[in-house]
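Asks: Attaching a predicted model along with its sequence, questions to come.
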Amino acid sequence: MTLLTKSTDTSPPTDRYHTCPHPHHSPYSEVNLPPILFRMDSPIAQDLPDLSPLRENGQVVRDHEGKEIWDFPFLPRYITSNPQGWLLEYWMRTDPRLTYRDIRVRMTAPLHLRPNENALNMRRERDARRPLRLSCWTYRRGAPGRLNKIDVERVERWSVDQIRYNTTMDVVYADGGGPVHLVDRALAAHTPATYPLDYFLNQGRAEIPSERIRAAQSVFFRLSERAKQLGFASWRQLPDNEWPDTFRYNISRRSGG
């Protein structure tokens, strides 16, 4: 990870919607999103610096409970209580050790006005992952764990070549049909930026999808075939008893069953 110049802002802003400028995120916006958002699978291993407590004026900075605040060099000193979904996604992908607590303790809003962890997670999904068709790094690589309906909805939107190139960017093809390069997306009208096909591959080598993505693909293909057998246009139209138990589990949890 590239070490960054720390923000020098140390005085709490009076505006609870203020986020301090920082070289890690300030160059980006809704129409110029950081490329890491479009990486499908998280890196297998990252060279991350050791974490230490945040210090100001020679003193360790603590939260309202007296707990140390960790010094993530890419985080601004103060963060709005209404952070954008894409920015949350960017911060969370930058360092797998980052938690929502690390973001919330940097908010200057009163505790009762700070969004809880579930609200922040839903904002990432609603305002970034869903409209941009991004992957979810919450589970990282490794065991697939409990697959949800949303996992299948995600892989349904991705092409074989997107999975091949480890990206959720669009793959552009030549007139002859071969892939040429990648183009990014944005949350508003923009001029697409192009990237080489191997931009998200490890040293140019073909990427092997994580076990979770492969498991979600398998479920998608199986449900799609079952829907076809029953005369449905989409697996989404299948009755609940045709869905995996994990789908029904999550539906019952949401309905209070």
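Replies: Perfect, thanks for sending it. Residues are numbered from 1 along each chain as shown.
Asks: All the strands of the stretch 1-150 of the chain, residue numbers only.
Replies: With strands called from DSSP state E, counting those that start in this stretch, the stretch 1-150 of the chain shows them at 55-56, 59-60.
Asks: would you list these in CSV and tack on mean neighbour count?
Replies: Where C-beta positions appear, they are placed from N, C-alpha and C, glycine not excepted. Output for these, formatted as CSV (neighbours: other CB atoms under 10 Å):
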stretch, mean neighbour count
strand 55-56, 12
strand 59-60, 10
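Asks: Include mean pLDDT and distance to residue 25 when you put those strands into JSON lines, please.
Replies: Formatted as JSON lines, those follow (pLDDT from 0 to 100; distance: least, CB to CB, whole Å):
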{"stretch": "strand 55-56", "mean pLDDT": "94", "distance to residue 25": "21"}
{"stretch": "strand 59-60", "mean pLDDT": "95", "distance to residue 25": "25"}
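Asks: so can I have a markdown table of those showing distance to residue 217?
Replies: Below are the strands of the stretch 1-150 of the chain laid out as a markdown table (distance: least, CB to CB, whole Å):
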| stretch | distance to residue 217 |
| --- | --- |
| strand 55-56 | 47 |
| strand 59-60 | 47 |
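Asks: What distance do you get for residue 41 to residue 193?
Replies: According to CB to CB, to the nearest Å, residue 41 and residue 193 sit 21 Å apart.
Asks: what's the residue lying closest to residue 156 once chain neighbours are set aside in contact with, if anything?
Replies: The spatially closest residue to residue 156, leaving aside those adjacent along the chain, is residue 220, at 5.7 Å (CB to CB, 6 or more residues apart in numbering). By CB atoms under 8 Å, 6 or more residues apart in numbering, the contact set of residue 220 is 152, 155, 156, 235.
Asks: By neighbour count, sort out the buried ones in those residues.
Replies: Neighbour-count burial (16 or more other CB atoms under 10 Å) is assigned, among these, to 152, 155, 156, 235.
Asks: could these go into JSON lines alongside distance to residue 197, pLDDT and secondary structure?
Replies: Shown next, in JSON lines, are the buried ones among the contacts of residue 220 (distance: CB to CB, whole Å; pLDDT from 0 to 100; DSSP: H, G, I helix; E, B strand; the rest coil):
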{"residue": "152", "distance to residue 197": "26", "pLDDT": "92", "secondary structure": "helix"}
{"residue": "155", "distance to residue 197": "20", "pLDDT": "92", "secondary structure": "helix"}
{"residue": "156", "distance to residue 197": "23", "pLDDT": "93", "secondary structure": "helix"}
{"residue": "235", "distance to residue 197": "30", "pLDDT": "93", "secondary structure": "helix"}
